[in-house]
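Enquirer: Sequence first, predicted coordinates after that:
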Amino acid sequence: MENWKPVPPTPANLGDRELPLLSEALKGREIALLVSGSIAAFKTPMVARQLRRHGASVTAYVSKSALRYVAAEALAWSCAQPVITTLSAEAEHLSDTRPFDAYLLAPATYNTINKLANGIADTVITSALASALGRVHQGDARLLIAPAMHGSLHNPIFETSIERLQQLGVQVIAPRDAYGKHNLPDEQVLVDAVIEALD
């Protein structure tokens, strides 16, 4: 094996947070990435970047519990804009001044799924989801959720909530099942689901 000799990398002709496009499938689309408190939250900066690689503008909403697994700074860098962690007088959860075309709840925890199904809006995430559900009902947006949880949490309450949400127009992205868990799918699977929902 040869010794590596340090050579400066070739300039990318892109800004630090800019990304080369893979497609324009989401060009001009506003996407809300809602991050709830699963360990899978650590993958969400890559989800944001993959959405942006297809032309989307991404705004991340992050729960307090999710911040145990992903840094707000990492998401802000990946989205190229500030992260929303609390509700303020700006009413970010309503997104009236900048409506979203799609909302992606990934990862979607057991707790958040059941709160959404039962109309509970007591956090930045669930408040944004309640507004998203209203926009779905009006035909103005799409709402997709990607469950991620331990297999023991797959119970009749969870199944009832999923069925209710699907009846309300929420699209469920099938998890990647392995090792007794519903795992967050790969980034491109999530992005493909968003692209298909907005097609």
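Expert: Arrived safely, thanks for sending. Numbering: from 1, shown residues only.
Enquirer: quick one, helices of this protein?
Expert: Counting by DSSP state H, one finds helices in the chain at the ranges 44-53, 72-79, 110-117, 124-137, 156-167, 187-198.
Enquirer: Including distance to Ser38, mean pLDDT and mean neighbour count, could those go into CSV?
Expert: The way it works is simple: take the backbone N, C-alpha and C, and place the C-beta from them, glycine included. Formatted as CSV, the helices of the chain follow (distance: least, CB to CB, whole Å; pLDDT from 0 to 100; neighbours: other CB atoms under 10 Å):
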stretch, distance to Ser38, mean pLDDT, mean neighbour count
helix 44-53, 10, 98, 23
helix 72-79, 15, 97, 19
helix 110-117, 9, 98, 22
helix 124-137, 12, 96, 21
helix 156-167, 14, 98, 14
helix 187-198, 14, 98, 19
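Enquirer: Can you add distance to Ala25 and give the ones you listed back as CSV?
Expert: Listed next are the helices of the chain as CSV, based on distance: least, CB to CB, whole Å:
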stretch, distance to Ala25
helix 44-53, 10
helix 72-79, 18
helix 110-117, 27
helix 124-137, 21
helix 156-167, 24
helix 187-198, 5
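Enquirer: and Pro147, which of those is closest to it?
Expert: Nearest of the helices of the chain to Pro147, taken as CB to CB: helix 110-117 at 6.4 Å.
Enquirer: mind exporting the closest one as CSV, just the C-alpha atoms?
Expert: Taking Å, rounded to 0.1, in the frame of the first residue of the first chain, the C-alpha atoms of helix 110-117 are listed here in CSV:
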residue,chain,number,x,y,z
TYR,A,110,-45.0,5.7,18.5
ASN,A,111,-45.9,8.7,20.7
THR,A,112,-46.1,11.2,17.9
ILE,A,113,-48.1,8.9,15.6
ASN,A,114,-50.7,8.3,18.4
LYS,A,115,-50.8,12.0,19.3
LEU,A,116,-51.4,12.9,15.6
ALA,A,117,-54.2,10.3,15.3
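Enquirer: Now do that helix against helix 124-137, angle only.
Expert: Between helix 110-117 and helix 124-137, the angle formed by their directions is 40 degrees, by axes from the mean of the first three to the mean of the last three CA atoms, to 10 degrees.
Enquirer: and helix 110-117, how far out from the chain's middle?
Expert: Mean C-alpha position of helix 110-117 versus that of the full chain (CA atoms, centre = their mean, to the nearest Å) differs by 15 Å.
Enquirer: got the angle between that helix and helix 156-167?
Expert: 50 degrees.
Enquirer: what's helix 110-117 packed up against?
Expert: On a contact count with 3 or more CB pairs under 8 Å, 6 or more residues apart in numbering; DSSP states H and E, helix 110-117 meets helix 124-137, strand 142-147, helix 156-167.
Enquirer: Relative to Val191, which of the ones you listed is closest?
Expert: strand 142-147 (10.6 Å).
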